[in-house]
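> The following comprises the amino acid sequence and a computationally predicted model.
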Amino acid sequence: MLLIANADVYAPQPLGVRNLLLGGTEILWMGPSRDLPVLPPTLGVEVIDLGGRRLIPGLIDGHVHVTGGGGEDGFRTRVPPVPLSRFTLSGVTSVVGLLGTDDVARGPRELLGTLYALREEGLNAWGYTGGYHVPATTLTNGVRSDLVFIEALLGIGEVAISDHRSSQPSFEELLRLAADAHVAGLMTGKAGILHLHLGDGERGLEFVRRALKESELPARVFNPTHVNRRRALFEEALELARAGCTVDLTAFPVADGEDAWSAADGLRRYLASGAPPERITVSSDAGGCLPCFDSDGRVSSMGVGSAGALLETLNALVAGGMALEQALPAFTSNPARLLRLKGKGAIATGADADLVALDATGRAETVIIRGVVHVRGGVAVRRGTFES
């Protein structure tokens, strides 16, 4: 058991200074110190006094290449898997893993094995079946049966559209995938979403707009990501959010003058637009290759997505004048709602004990996942099996 004392709680709404009693994997009690239950010494409760530091829900990263992404310029460009402490030191307590361009050399078995390994090391981890290409790579010879029978898989993704690296799926193929995701979600209570990678192509979100007009599928099934990679694409995404889709910003680096919005700028603009505040999320693309291509479609340069991008974006928003409680939902309660992760994304009695204490600079000073301390004093006290 843990007693978190003198925490300035953002749940994500501000609750003021509170104490929290954690037992097992969840928050058993929260309130002012005068109402703290009498705890027998035999319980051996450890006390962590935050001294008024801000306490937020653990960040939920809904788009992570846990096995490593890349491979667009040969096998040497495959990115290594992301180790546990890269997430925890960045305040990330839950991840959703996926396959990208390379869904051949890196397949669903490796993805699922990596998710289970992260779970064994203490991280909350789920994934998507499939990858960039259609027909989707699966474990059971069908995306619907993957979702029905494999607990860790929540939806289908990231299926690439409007991108030269995609398999150029037809509208009918995309609609069939969305239908399979939706029906599997009904059968299991899972998210049942189609997570769509958006490239730089001029078609943008045309297929999603058509699906909302021409099919009976609910808008929530369609979940486009990277929508801030082009400013015109971002405007398309705003309209889809107003129609009921949840859209995802990627926290990748954006150069001055680039035809893109940073995740921080994108979130500011989204919230100022009047679009539904609950239908926007931010993810990192951690472990993913961030390539630039020349006119022939060949890689001219590349970077790698960072697990720390979420916390960096959150701090940039607060430093720019946005209230913490206004910024937090896109990193916590919104992805929890979209992904149907019960007990995640909020600080409340009965919720999972996934907590991050921020120091004055916005660094993750203390990180607790399901009641277990992973980071203390800004240092990882638990590391992955093969981390030094």
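Yep, it's here. Numbering: from 1, shown residues only.
> Which parts of this structure are helices?
For the chain, the helices defined by DSSP state H occupy 84-88, 108-120, 143-149, 171-188, 206-214, 231-243, 263-273, 309-319, 324-327, 333-339.
> what packs against the fifth one?
What it means is helix 206-214. Packed against helix 206-214, as judged by 3 or more CB pairs under 8 Å, 6 or more residues apart in numbering; DSSP states H and E, are the following elements: helix 171-188, strand 222-225, helix 231-243. For every residue, glycine as well, the C-beta is placed using N, CA and C.
> Apply 7 Å and report the result again.
helix 171-188, strand 222-225 (3 or more CB pairs under 7 Å, 6 or more residues apart in numbering; DSSP states H and E).
> Name the surrounding residues that touch that helix.
161, 171, 174, 175, 178, 217, 219, 222, 224, 240, 243, 245 (CB atoms under 7 Å, 6 or more residues apart in numbering).
> In space, what's closest to residue 344 - neighbours in sequence excluded?
Nearest non-adjacent residue to residue 344, counting by CB to CB, 6 or more residues apart in numbering: residue 336, 4.2 Å away.
> got a markdown table for the helices of the chain, with mean neighbour count, mean pLDDT and distance to residue 10 too?
Formatted as a markdown table, the entries for those read as follows, by neighbours: other CB atoms under 10 Å; pLDDT from 0 to 100; distance: least, CB to CB, whole Å:
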| stretch | mean neighbour count | mean pLDDT | distance to residue 10 |
| --- | --- | --- | --- |
| helix 84-88 | 24 | 97 | 19 |
| helix 108-120 | 17 | 97 | 26 |
| helix 143-149 | 21 | 98 | 33 |
| helix 171-188 | 19 | 98 | 30 |
| helix 206-214 | 16 | 97 | 33 |
| helix 231-243 | 18 | 98 | 24 |
| helix 263-273 | 21 | 98 | 16 |
| helix 309-319 | 21 | 97 | 11 |
| helix 324-327 | 18 | 98 | 5 |
| helix 333-339 | 23 | 98 | 11 |
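> Which one, of those helices, ends up nearest to residue 52?
Comparing the helices of the chain against residue 52 with CB to CB, the closest turns out to be helix 324-327 (14.2 Å).
> starting at the chain centroid, how far to the closest one?
Centroid displacement of helix 324-327 relative to its chain, using CA atoms, centre = their mean, to the nearest Å, is 17 Å.
> can you give me the end-to-end distance of stretch 203-218?
With CA to CA, to the nearest Å as the measure, stretch 203-218 spans 22 Å from end to end.
> actually stretch 242-250, not the one I typed
One end of stretch 242-250 to the other measures 19 Å (CA to CA).
> tell me which residues in that stretch are buried?
243, 245, 246, 247, 248, 249, 250 (16 or more other CB atoms under 10 Å).
> would you list these in CSV and tack on distance to residue 154?
CSV is the format used below for the buried residues of stretch 242-250 (distance: CB to CB, whole Å):
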residue, distance to residue 154
243, 22
245, 17
246, 13
247, 17
248, 14
249, 19
250, 19
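> Out of those, which is nearest to residue 325?
Using CB to CB, residue 249 comes nearest to residue 325 of the buried residues of stretch 242-250, at 18.5 Å.
> quick one: which of the buried residues of stretch 242-250 is nearest residue 329?
Nearest to residue 329 among the buried residues of stretch 242-250 is residue 246, at 11.6 Å by CB to CB.
> What backbone torsions are found at the closest one?
The phi/psi pair for residue 246 (degrees, to the nearest 10) reads phi -100, psi 130.
> Quick one: mark the members of the buried residues of stretch 242-250 that sit in strands.
247, 248, 249, 250 (DSSP state E).
> Any chance of these in TSV with pLDDT and distance to residue 129 as columns?
TSV is the format used below for these (pLDDT from 0 to 100; distance: CB to CB, whole Å):
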residue	pLDDT	distance to residue 129
247	98	21
248	98	18
249	98	23
250	97	21
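> could I get these as TSV with distance to residue 130?
Putting those into TSV (distance: CB to CB, whole Å) gives the following:
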residue	distance to residue 130
247	20
248	17
249	22
250	19
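> In contact with residue 87, which residues are there?
Under the criterion of CB under 7 Å, 6+ apart, the neighbours of residue 87 are 95, 123, 307.
> Nothing else from me, thank you.
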